[in-house]
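[1] quick one, what's the 3D model for this:
(one chain, ligands or ions: 2)
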Amino acid sequence: MPKVLISDKLSPAAIDIFKRRGIDVTVKTGLAPAELREIIGEFDGLAIRSATKVTRELLDAATNLKVIGRAGIGVDNVDVKSATARGVVVMNTPYGNAITTAEHAIGLMFALARELPEASASTKAGKWEKNRFMGVELTGKTLGLIGAGNIGSIVADRALGLKMRVLAYDPYLTEARATTLGVEKADLDTVLARADFITLHTPLTEQTRNILSRESIARTKPGVRIINCARGGLVDEAALYDALKSGHVAGAALDVFEVEPAKESPLFALPNVVCTPHLGAATTEAQENVALQVAEQISDFLLTGAVTNAINMASVSAEDAPRLKPYMELCQLLGSFAGQLTEARQGVIRKVGIEYEGAAAHVNQRPLSAALFAGLLAPMMEGVNMVNAPVFARDHGIELAETVFDRDCEYQTLIRVSVTTDEQTRTVSGTLFGGAKPRLVEVKGIKVEADFGRHMLYVTNRDKPGFIAQCSAILAEKGINIATFHLGRTEKGGDAVCLISIDETLPDDALAAIRALPQVMQATQISF
Ligand SMILES: NC(=O)C1=CN([C@@H]2O[C@H](COP(=O)(O)OP(=O)(O)OC[C@H]3O[C@@H](n4cnc5c(N)ncnc54)[C@H](O)[C@@H]3O)[C@@H](O)[C@H]2O)C=CC1
Ligand SMILES: O=C(O)CCC(=O)C(=O)O
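    Ligands and ions are numbered 1, 2, ... in the order given. Below is the predicted model of the structure:
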């Protein structure tokens, strides 16, 4: 039974889902990093919000971990690069708290426009300062969005409902999408110069860190109000403080801070600053959504292999997972076969080609190249799996070319793999017998029909009499039983391939004896 740890405060709905799906779930929140490192090795899955920091050190101790699920959007508390390198899938729940967070941004905009927190505090203090608080109307004002993804788009929609004009800066926003959203696409300088309110909705990346820097704040319209409900670090807090003090910025509402928890900050002393403690996603509805989603996603992955909303891997829907399973197995075996032949020749892989024909042309192929790379690179690298193999391949400069042939095919389904090294290109093809059982059907362009046995001997030889008898005699002498024996050749007397499935591994001297046979060009032992 897979084991999952919930290490942050999640809605109890998540626990129910895990239990119902047959997952052994443990809840331990508020652990110190050392305490978490101590126990993480037991778990296959980890469900978190933002408090748990998944560092390289934690991942080093997470020897069984297969999946990390973030009940929320931002994964900046996860070292995704290290997780990927260790083959751990990282998932988030990209939509579950988007509406709630957009509503918080709109709420903060109202709070700024009418100084609601200050007015409330003053009224409760019995001051009745009716003349102190003079707000601004939102109707007709310009809202500048920085980031127009899920949350930014919802903010835009709500702002348009308030009769505001919306300008959006987002390098990935197309004109067509901007038109659909009813916003004006603009560059950052235009947003800074024209917006009465600026709201941020981007992840924190190297490109977005301090996107509202001292220089960019200086280029904003005097009297601008700034809302950050995305991530601390997008706004330079020291520069914001100075701009608020000088009056250039009329107000700022911050849900997120450079350092969290933010227990102290010079900004707290300013009357025109509204703060909330990272509450953007804090509604019952959003927390239930993300908890349910993350629990379903982690369970699906651990129980069926379905991959949803992964940051570091192609998605496989729950519907696709059973259909893709034999294809992934076939690709992994073809990759492993090609990889072991390449390893035997010590060739440096330059390029990998995958061709899909027949039914394979119509399945979701995105995860298949990852399965192929996992098989291909496993003989050469330790700890390779579908998550990290494509990254290793890219880091090693291996080019991938995928071709889909929508044409009649000799087999019901066919996947042909070619691996090009400095020396040669090797091709190997496979099909699914009965739609499910991987079978080799072609090696080096020569037709064979062989199941993938646990231990195999692959021989290329000249098609001359005597080879089969001599080879069988060597195996018999070593007491090695032959399970299956498959032959193929280009033509009578031409090149031939022989695939022998054997019940145990072949001793080195037997392999050497087979290699020494006069007809033999290459003999390699393959294990799956
Ligand atoms: N305060 C809170 O509790 C919450 C905060 N968040 C934060 O909100 C952020 C946005 O969430 P979503 O809208 O769901 O993400 P999203 O991925 O749908 O949208 C992000 C947008 O930022 C844009 N972007 C990327 N780099 C940019 C750049 N250099 N300049 C301008 N735009 C850029 C992207 O093109 C994308 O459209 C999350 O990354 C997360 O950090 C999310 C949920 C709750
Ligand atoms: O889990 C939370 O409360 C924070 C949500 C958040 O920041 C996110 O989803 O990116």
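
[2] when you work out contacts or count neighbours from here on, use the C-alpha atoms and nothing else.
    OK.

[3] surely Lys141 and Arg165 touch.
    Yes - if you go by C-alpha atoms under 8 Å, Lys141 and Arg165 touch, sitting 6.1 Å apart.

[4] which one of these two has more residues nearby?
    With neighbours defined as other C-alpha atoms under 10 Å, Lys141 and Arg165 compare such that Arg165 has more, 21 against 18.

[5] in the least confident helix or strand in the chain by mean pLDDT, what counts as buried?
    Lowest by mean pLDDT, DSSP states H and E among the helices and strands of the chain is helix 320-345, with a mean of 89. Residues 321, 324-343 are the ones in helix 320-345 that count as buried (16 or more other C-alpha atoms under 10 Å).

[6] and stretch 348-359, by the same measure?
    Those would be Ile349, Arg350, Lys351, Val352, Gly353, Ile354, Glu355, Tyr356, Glu357, Gly358, Ala359, for stretch 348-359 by 16+ other C-alpha under 10 Å.

[7] a markdown table for these, including distance to ligand 1 and secondary structure?
    Shown next, in a markdown table, are the buried residues of stretch 348-359 (distance: C-alpha to the nearest ligand atom, whole Å; DSSP: H, G, I helix; E, B strand; the rest coil):
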| residue | distance to ligand 1 | secondary structure |
| --- | --- | --- |
| Ile349 | 34 | strand |
| Arg350 | 32 | strand |
| Lys351 | 31 | strand |
| Val352 | 31 | strand |
| Gly353 | 31 | strand |
| Ile354 | 31 | strand |
| Glu355 | 33 | strand |
| Tyr356 | 32 | strand |
| Glu357 | 35 | strand |
| Gly358 | 36 | strand |
| Ala359 | 34 | helix |
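
[8] with those residues in mind, which one is nearest to Arg37?
    For the buried residues of stretch 348-359, the minimum distance to Arg37 (C-alpha to C-alpha) is 37.2 Å, reached by Ile349.

[9] tell me who's in contact with the closest residue to that closest one other than its chain neighbours.
    Leaving aside its sequence neighbours, Ile349 sits nearest to Thr421 (C-alpha to C-alpha, 6 or more residues apart in numbering; 4.3 Å). Contact analysis of Thr421 by C-alpha atoms under 8 Å, 6 or more residues apart in numbering lists Thr342, Gly347, Val348, Ile349, Arg350, Lys351.

[10] okay, these in JSON lines with distance to Ala374 next?
    Formatted as JSON lines, these follow (distance: C-alpha to C-alpha, whole Å):
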{"residue": "Thr342", "distance to Ala374": "14"}
{"residue": "Gly347", "distance to Ala374": "17"}
{"residue": "Val348", "distance to Ala374": "16"}
{"residue": "Ile349", "distance to Ala374": "14"}
{"residue": "Arg350", "distance to Ala374": "16"}
{"residue": "Lys351", "distance to Ala374": "15"}
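
[11] out of those residues, flag the one nearest to Tyr169.
    Lys351 (38.8 Å).

[12] that closest one against Arg394, yeah?
    No - Lys351 is not in contact with Arg394 according to C-alpha under 8 Å; the separation is 10.5 Å.

[13] which parts of the stretch 51-200 of the chain are strands?
    For the stretch 51-200 of the chain, applying DSSP state E, counting those that start in this stretch gives strands covering 67-70, 89-91, 142-146, 165-169, 184-185, 197-200.

[14] Leu240 is nearest to which of those strands?
    Across the strands of the stretch 51-200 of the chain, Leu240 has its closest neighbour in strand 197-200 (12.8 Å, C-alpha to C-alpha).

[15] show me what that closest one is in contact with.
    Residues contacting strand 197-200 (C-alpha under 8 Å, 6+ apart): 105, 109, 141-147, 152, 191-192, 224-230, 234.

[16] quick one: low-confidence parts of this protein?
    343-347 (pLDDT under 70).

[17] can you spell out the domain ranges of it, please?
    Domains of the chain are assigned by automatic domain parsing as 3-94+285-304, 98-275, 317-443, 453-528.

[18] which one of those domains lies closest to ligand 2?
    domain 3-94+285-304 (3.3 Å; C-alpha to the nearest ligand atom).

[19] near ligand 2, anything from the closest one?
    Yes - Domain 3-94+285-304 reaches ligand 2 (C-alpha under 6 Å from any ligand atom) through Arg49, Ser50, Gly72, Ile73, Gly74.

[20] just those residues that are near ligand 1?
    Near ligand 1, taking C-alpha under 6 Å from any ligand atom as the test, the members of the residues of domain 3-94+285-304 next to ligand 2 found are Ile73, Gly74.

[21] so which of the residues of domain 3-94+285-304 next to ligand 2 is the most crowded?
    Counting by other C-alpha under 10 Å, top hit in these: Gly72 with 25 neighbours.

[22] apart from its neighbours in sequence, what residue is nearest that one?
    Thr93 (5.2 Å).

[23] my read: the one you found touches Leu292, true?
    No - if you go by C-alpha under 8 Å, Thr93 and Leu292 don't touch, sitting 9.6 Å apart.

[24] just the strands in the stretch 301-450 of the chain please.
    349-358, 399-405, 413-421, 425-433, 437-443, 446-451.

[25] what lines up beside the third one in the sheet?
    Each strand that strand 413-421 pairs with, and the sense of that pairing, follows from DSSP bridges: strand 349-358 (antiparallel), strand 425-433 (antiparallel).

[26] format these as a markdown table; extra columns: distance to Asp8.
    A markdown table is the format used below for these (distance: least, C-alpha to C-alpha, whole Å):
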| stretch | distance to Asp8 |
| --- | --- |
| strand 349-358 | 42 |
| strand 425-433 | 43 |
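
[27] distance to ligand 2 added to these, as TSV?
    Listed next are the strands paired with strand 413-421 as TSV, based on distance: least, C-alpha to the nearest ligand atom, whole Å:
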stretch	distance to ligand 2
strand 349-358	37
strand 425-433	42
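
[28] the residue lying closest to Val54 once chain neighbours are set aside: what's it in contact with?
    Spatial nearest neighbour of Val54, excluding adjacent residues (C-alpha to C-alpha, 6+ apart): Val78 at 4.6 Å. The contact partners of Val78, by C-alpha under 8 Å, 6+ apart, come to Lys53, Val54, Thr55.

[29] out of those residues, which sit inside helices?
    Counting by DSSP state H, the contacts of Val78 place none of their members in helices.

[30] if we can go back for a sec, number of residues surrounding the residue nearest to Gly72?
    Thr93 sits with 23 neighbouring residues when counted by other C-alpha under 10 Å.

[31] so how far is Val459 from Ala513?
    12 Å (C-alpha to C-alpha, to the nearest Å).

[32] sorry, slip of the keys, the one I care about is Arg489.
    For Arg489, the distance to Val459 - C-alpha to C-alpha - is 12 Å.

[33] now do the shared contacts for these two.
    Residues touching both Arg489 and Val459 (C-alpha under 8 Å, 6+ apart) are Val497.

[34] JSON lines please, covering the strands of the stretch 51-200 of the chain and showing distance to Asn309.
    Formatted as JSON lines, the strands of the stretch 51-200 of the chain follow (distance: least, C-alpha to C-alpha, whole Å):
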{"stretch": "strand 67-70", "distance to Asn309": "9"}
{"stretch": "strand 89-91", "distance to Asn309": "5"}
{"stretch": "strand 142-146", "distance to Asn309": "23"}
{"stretch": "strand 165-169", "distance to Asn309": "25"}
{"stretch": "strand 184-185", "distance to Asn309": "27"}
{"stretch": "strand 197-200", "distance to Asn309": "23"}
